[in-house]
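[1] Structure of the sequence below:
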Amino acid sequence: MSQSDRIDLQSPAVIDQSNDLNHAPAQDTARTTAQVTAQALDLLQREARLHDQQINETSLLGKAFTGVSEFWHHSGDTGTRVDDLTRRIQADLAAGKSADAAKLAASAREVVDADQAALKSRSQIAGIGAGTVQAAGLFMAGRRGFLVAGAAAALDNIKPNSSESLGEQLTDIGLGITRATVLKGTYAAAGKFNLGMATTAVGLGVTSRFTDLTLNRKTYLDETTGAYDSSLGLQRVVAGTTDAGALTSDIVSLIVARGALGKLNQATEGALLNNKIVSNMAVGAVFGLTKGSSDEVIRQTREGVFQPGEFASRTLFTGFSGLAGAGLGGVFSPRTVATNFGGAHSREYVISGGNTSPDVASRLASSQSAFSFLKVREVKPGGGLAPEQNMLVQHGGENIPIKTELAAKADVIASCNANCLPEGLRSKHIMPSLQSSLWLTQKGNHISFADRRIGAFTVGEAQPVALGKSGPVSVSEILRNPTTLDKLNNKGVHDLGLYADVLKGFKVPAKRVIMGGADSVVLELADESILKITHQTWRPEWGFRTYRNAQGQEVRFDARIIGKPQTFDRPDGMATYYIQERAVTDVRESTVPIFAHRLQQDGRWAFWDRDYTQLGTVPLKDGGRGLVLLDYDAVRAPHLVPKDLKVPHEDRFTKEDRFDRW
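    Have a look, this model is predicted:
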């Protein structure tokens, strides 16, 4: 792919002569001024030919990148300087101004060095750009990927200024498109055979080297006779394919890639394997590094040189091209799909219909009893879609019965532990061997399932939802869980690590974190009660306050506290944790002014933080429900309420009891 592979930028003859020219003693009588000037002129003319050769051999695809990057490599300017200096020396010589010509010749080496550096930079830009576009086509899903790969291969073989004939260029275009097609076919086959990421990437590098040799017109061209020789081409293919240095490079690449990708996948909790764009980028990077390293080993072996700097730079350039191209291919794919690499226990579907809201993830995240019955089409490894199926998606587990009527109609079932399904339904599970929770992630009408939690990497992709109902864990453990911080509305006011240390010996397990506001962190415990941790200054009357109703009865309005609140030190003060009775937060906004007015009528209290989420209802002995205050600080003595928050309300309350009844 790299343009620098085609042009010899460093001609030994030119370098040797230029060194002689630069180091010639001023008083060397053996070398005349005319000879020095002639060598400088020859050096410039050789450089001009090399410059023109590279420009003419640059493909349309390469020109697209070198044209817009002229400001960076300046090869146009350096080429003009070479031509201009050549003309000026020739003009002085023609005018008999040998001394002036010699003065100009003294700067020839500097001008040539600048042009060679610019050409090298230009060649690298052309190689990276062309390699990136071709890699984008390789890793792009669906027909669009074949079109991009084919177009890139064609543009990389069209050289408008080349001396080659039209027939030769057409042949090169056809062979280039064939190489791209074979490489894409290899990548698709990797998905069907579930090869690992490292094996897929290194295999692509080996395939690319093989096709670059076999599907290359110049492999069969005998430069001495100008004729094509199949036996000569076969010898070159065998030699290049079995090159000891290249094979060693492939083996090293495979070993290093397996180790590095395995560690990276472990560090990202499986995201590398299961996130489509990220996994493709990893494969693209390894593919580029493999191809670049083996190609450079072959070049240096053929030329008999040892250039570790060149090896490192060219390998990194091709690795970057593969990485960037794979990323672009994933982003611009018709569907964000990728090869199913071995070890990636995930399935992806497109929602094509159903009798529930298409926002499946939100439904399942909101309730353990939620479910969705959908029409879906599974995304195949190559990007195509399988026939439509009926899918039941619901939480599962020992204590969550399956929707048997819908399960009977479903072709596939997505839930946690497949063994929790009735024996006759287990074969319908999308992962029949799954014995743990199944995680659901949704982006638009695409839903994916994995046997582990994969974080959202793409904008618009919802956070994963566990379809298994996890068992209770200790309060300390749930506070230390990294996902707990995501559930806090105010993340900077609660020291979860401190809370976890203080509650290390708390005996009642926790189910989940409900929320975290500016004042409190709220958890649901296994016994259905609520644990609250607050940094507010604790008031001993909280949990026991009452107001006097119109009949003179004392009505408790604070949610009941179970047990005794426990206070502990924080770096900036004190904090308290306590257990509160469970309440249902289904209170309407219209309840707020009624509750506020009741307290105002009593005269001892004022509902100053007026929000219906501060209120809840609890069951009464007679079967009704009573209204209680959940956030104790939302009600204060009138003299503690900020003046601008005291607002009068009409009394619309019509019924009394020991609790406000609704």
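[2] got the buried residues for whichever helix or strand Asp250 is part of?
    For Asp250, the host element (DSSP states H and E) is helix 244-267. Across helix 244-267, burial judged by 16 or more other CB atoms under 10 Å covers Gly245, Ala246, Ser249, Asp250, Ser253, Leu254, Ala257, Arg258, Leu261, Gly262, Asn265. C-beta coordinates here come from the backbone N, C-alpha and C atoms, glycine included.
[3] can you map out the strands along the stretch 251-400 of the chain?
    With strands called from DSSP state E, counting those that start in this stretch, the stretch 251-400 of the chain shows them at 346-354, 371-379, 385-394.
[4] before we move on, what about the stretch 101-250 of the chain?
    221-222, 227-228.
[5] Tell me which of the strands of the stretch 251-400 of the chain sits most buried.
    Neighbour counts (mean count of other CB atoms under 10 Å) averaged over each of these peak at strand 371-379, with a mean of 20.
[6] circling back: export the helix holding Asp250 as PDB, just CAs?
    Extracted C-alpha coordinates of helix 244-267, given in PDB (Å, rounded to 0.1, in the frame of the first residue of the first chain):
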ATOM      1  CA  ALA A 244      12.400 -16.900   6.900                       C
ATOM      2  CA  GLY A 245      12.500 -13.300   8.200                       C
ATOM      3  CA  ALA A 246       8.900 -12.600   7.300                       C
ATOM      4  CA  LEU A 247       7.700 -15.900   8.700                       C
ATOM      5  CA  THR A 248       9.600 -15.200  12.000                       C
ATOM      6  CA  SER A 249       8.000 -11.700  12.000                       C
ATOM      7  CA  ASP A 250       4.500 -13.300  11.600                       C
ATOM      8  CA  ILE A 251       5.100 -15.800  14.400                       C
ATOM      9  CA  VAL A 252       6.300 -13.000  16.700                       C
ATOM     10  CA  SER A 253       3.400 -10.800  15.800                       C
ATOM     11  CA  LEU A 254       0.900 -13.600  16.600                       C
ATOM     12  CA  ILE A 255       2.500 -14.300  20.000                       C
ATOM     13  CA  VAL A 256       2.700 -10.700  21.000                       C
ATOM     14  CA  ALA A 257      -0.800  -9.900  19.600                       C
ATOM     15  CA  ARG A 258      -2.400 -12.800  21.500                       C
ATOM     16  CA  GLY A 259      -0.800 -11.700  24.800                       C
ATOM     17  CA  ALA A 260      -1.500  -7.900  24.300                       C
ATOM     18  CA  LEU A 261      -5.100  -8.300  23.100                       C
ATOM     19  CA  GLY A 262      -5.800 -10.800  25.900                       C
ATOM     20  CA  LYS A 263      -4.600  -8.400  28.500                       C
ATOM     21  CA  LEU A 264      -6.400  -5.500  26.900                       C
ATOM     22  CA  ASN A 265      -9.700  -7.500  26.700                       C
ATOM     23  CA  GLN A 266      -9.300  -8.500  30.400                       C
ATOM     24  CA  ALA A 267      -8.700  -4.800  31.400                       C
END
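[7] That helix - what's its average pLDDT?
    Per-region confidence: helix 244-267 scores 75 on mean pLDDT.
[8] Which elements pack onto it?
    helix 197-214, helix 271-274, helix 276-303 (3 or more CB pairs under 8 Å, 6 or more residues apart in numbering; DSSP states H and E).
[9] so how far is that helix from its chain's centroid?
    Remark: helix 244-267 is offset 21 Å from the chain centroid, using CA atoms, centre = their mean, to the nearest Å.
[10] between it and helix 276-303, what angle do the directions make?
    Per axes from the mean of the first three to the mean of the last three CA atoms, to 10 degrees, the angle that helix 244-267 makes with helix 276-303 is 160 degrees.
[11] Okay, angle between helix 244-267 and helix 197-214 too, please.
    If you take the same axes, to 10 degrees, helix 244-267 sits at 150 degrees to helix 197-214.
[12] of the strands of the stretch 101-250 of the chain, which approaches Thr441 most closely?
    For the strands of the stretch 101-250 of the chain, distance to Thr441 was read as CB to CB. The smallest value, 52.6 Å, belongs to strand 221-222.
[13] who does that closest one touch, helix- and strand-wise?
    Checking 3+ CB pairs under 8 Å, 6+ apart, strand 221-222 ends up next to strand 227-228.
[14] Can you give the distance of the strand it packs on from its chain's centre?
    48 Å.
[15] For it, give the mean pLDDT please.
    88.
[16] Next, the residues that contact it from outside, please.
    Arg217, Tyr220, Leu221, Asp222 (CB atoms under 8 Å, 6 or more residues apart in numbering).
[17] Is it possible to mark the buried ones in the residues you listed?
    By 16+ other CB under 10 Å, the contacts of strand 227-228 give Arg217, Tyr220, Leu221 as buried.
[18] Could I get the phi/psi values of Glu70?
    In terms of degrees, to the nearest 10, the main-chain angles of Glu70 are phi -60, psi -40.
[19] Would you check how far apart it and Gly62 are?
    The gap separating Glu70 from Gly62 is 13 Å, by CB to CB, to the nearest Å.
[20] who has more neighbours, these two?
    Gly62 (25 against 14; other CB atoms under 10 Å).
[21] Name the surrounding residues that touch whatever helix or strand the more buried one lives in.
    Gly62 is part of helix 60-68 when elements are defined by DSSP H and E. With CB under 8 Å, 6+ apart as the test, helix 60-68 has contacts from 3, 58, 73, 75, 122, 125-130, 133, 152, 155-156, 158-160.
[22] if we can go back for a sec, nearest to Leu630 among the contacts of strand 227-228?
    Nearest to Leu630 among these, with distances taken as CB to CB, is Arg217, at 78.8 Å.
[23] Provide a list of residues in contact with that closest one.
    Contacts for Arg217 (CB under 8 Å, 6+ apart) come out as Glu168, Thr171, Asp172, Leu175, Tyr228.
[24] ok, of those residues, which come out buried?
    If we count by 16+ other CB under 10 Å, the contacts of Arg217 have these buried: Glu168, Asp172, Leu175.
[25] Can you pull the phi and psi angles for Met515?
    Given degrees, to the nearest 10, the pair of backbone angles that Met515 has is phi -170, psi 170.
[26] His535 - how many residues pack around it?
    19.
[27] Assign the nearest residue to it once chain neighbours are set aside to helix, strand or coil.
    Once flanking residues are discounted, His535 sits nearest to Ala575: 4.5 Å by CB to CB, 6 or more residues apart in numbering. Recorded secondary structure, Ala575: strand (DSSP: H, G, I helix; E, B strand; the rest coil).
[28] And for Ala575, the neighbour number?
    Ala575: 23 surrounding residues under other CB under 10 Å.
[29] I'd guessed it sits against Thr567; true?
    Yes - between Ala575 and Thr567 there is a contact under CB atoms under 8 Å: 7.1 Å.
[30] what residues are up against Ser293?
    By CB under 8 Å, 6+ apart, the contact list for Ser293 reads Ser249, Ser253, Phe311, Thr315.
[31] pLDDT wise, what is Asp84 at?
    Here the pLDDT value assigned to Asp84 is 94.
[32] For the helix or strand containing it, which residues meet the burial criterion?
    Using DSSP H and E, Asp84 falls within helix 75-94. Of the residues in helix 75-94, Ser75, Thr78, Gly79, Arg81, Val82, Asp83, Leu85, Thr86, Ile89, Asp92, Leu93 count as buried by neighbour count, 16+ other CB under 10 Å.
[33] didn't the second one look like it was pressed against Asp115?
    Yes - distance between Thr78 and Asp115: 4.0 Å, which falls inside the contact criterion (CB under 8 Å).
[34] tell me, what residue is most central in this structure?
    By CA atoms, centre = their mean, the chain has its centre lying nearest to Val278, at 4.3 Å.
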